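> Got a predicted structure here, sequence first:
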Amino acid sequence: MPINIPKNLPAGEHLREEKIFVMEEDRARTQQIRPLSILILNLMPEKEKTELQLLRLLGNTPLQVNITFLNTATHKSKNVSKSHLQLFYTTFSQIRHRRYDGMIITGAPVEKMEFEDVNYWQEIKEIMDWSKTNVTSVLHICWGAQAALYHHYGIGKFELPAKCSGVYSHVITDLTVDLVRGFSDLFTAPHSRHTSVSIDEVRNHPDLRLLSYSEDAGVFIVQSKDNKNIMITGHLEYDATTLADEYHRDMEKGLATAVPVNYFPNDDPTQAPINTWRAHTHLLFSNWLNYYVYQETPYEWDLVEELEYHI
């Protein structure tokens with residue numbers, strides 16, 4: 001949230017130069033506040049775990065947030081009860097007439113498939129196209145990030161020789177960008193994926209900005225220059241034990257899987273992992289909600305609709 005300071009306070013100019021978010025008292029007196037409406041398209045198989053992870057982060061800010069969970073109509077989830085979906089989820093046809101301040105599109109366990117072979121790809125494309133006019137800012141995670149890079153910007157994915165799994169160090173390319181405001185120069189984040197995207201294609205795309213990457217894990221945070229789309233190829237939202245759960249699950253299935261990198265103490269899967277990314281996770285979600293949703297979204301969507309109608 002911004003600091004409310006007196007108009008023309010000398011310190012204000014220095015704060016702005018340091019990219020500290022300040023708001024002069026005249027604007028603060030006239031700023032209108034209402035709850036934010038966030039739509040979550042949850043494509044993860046264990047939906048209840050993902051719900052908890054995301055809600056924990058969205059609830060840790062001063063802003064009041066109203067949540068709508070969205071499920072695909074063209075794919076039946078196998079790892080969640082039908083009653084849970086009926087009680088807490090809706091489908092695109094039921095909300096396509098609405099406007100949302102923000103949206104999150106999660107990862108999905110289909111990354112080895114070509115996008116066009118995913119049975120709900122047409123529905124995902126329709127939702128992403130709808131978000132251009134009906135959502136202020138969209139946060140895409142893992143496969144959701146790859147889907148957005150492919151659909152909106154024509155950047156495809158490629159399969160890695162081995163699964164990228166572990167906790168990796170990342171750098172920030174520009175610490176003055178609002179999304180990474182307050183980040184350390186070097187920070188850690190989990191990755192869990194079999195595919196990646198070209199760092200050169202992202203860097204060279206005229207509509208994109210590479211904000212963070214890892215020497216070992218590659219592209220991490222990508223932002224569209226119009227601030228509409230944010231793509232995160234890893235899983236900052238993961239709990240401390242999520243990678244361990246995935247590793248032990250794969251081992252029980254008899255799959256050849258390596259121990260996640262830089263994750264278990266002494267690389268010993270019998271030891272409890274430590275969460276080293278929690279603070280930056282909360283910071284990123286807080287920055288997104290504040291700078292890209294709350295500060296940018298219209299106070300009254302109805303007025304926007306009336307203006308568009310008259311135009």
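On my side now, so go ahead.

> For Ala240, which non-adjacent residue is spatially closest?
Nearest residue to Ala240, sequence neighbours excluded (Cβ to Cβ, 6 or more residues apart in numbering): Asn275, at 3.8 Å. For every residue, glycine as well, the C-beta is placed using N, CA and C.

> Just the pLDDT at that neighbour, thanks.
Listed pLDDT for Asn275 reads 96.

> Where does it sit, in terms of helix or strand?
According to DSSP states H and E, Asn275 maps onto no helix or strand at all.

> And it, how close does it get to Trp288?
Applying Cβ to Cβ, to the nearest Å, the value for Asn275 to Trp288 is 20 Å.

> More neighbours: which of those two?
Per other Cβ atoms under 10 Å, whichever of Asn275 and Trp288 has more neighbours is Trp288, with 22 against 15.

> Compute the distance between the residue nearest to that one when sequence neighbours are not counted and Phe69, please.
Using Cβ to Cβ, 6+ apart and skipping the chain neighbours, the partner closest in space to Trp288 is Leu139 (5.8 Å). From Leu139 across to Phe69, the span is 15 Å (Cβ to Cβ).

> Compare these two and say which is more crowded by neighbours.
Neighbour totals were compared for Leu139 and Phe69, and Leu139 leads with 26 against 20 (other Cβ under 10 Å).

> Determine the set of other helices and strands touching the helix or strand where Leu87 lies.
Per DSSP H and E, Leu87 falls inside helix 82-88. In terms of contacts (3 or more Cβ pairs under 8 Å, 6 or more residues apart in numbering; DSSP states H and E), helix 82-88 is packed against helix 47-58.

> What residues sit buried inside the helix it packs on?
Lys47, Lys49, Thr50, Glu51, Gln53, Leu54, Leu57, Leu58 (16 or more other Cβ atoms under 10 Å).

> Contacts made by it with the rest, please.
38, 40, 42, 44, 65, 67, 69, 71, 77, 79-80, 84-85, 104, 106, 237-239, 242, 281-282, 285, 289 (Cβ atoms under 8 Å, 6 or more residues apart in numbering).

> Can I get the buried ones among those as something I can paste into ChimeraX?
To isolate the buried ones among the contacts of helix 47-58 in ChimeraX, judged by 16+ other Cβ under 10 Å, type:
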select :38,40,42,44,65,67,69,71,77,80,85,104,106,237,238,239,242,281,285,289
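
> out of the contacts of helix 47-58, which are inside strands?
Ile38, Ile40, Val65, Ile67, Phe69, Ile104 (DSSP state E).
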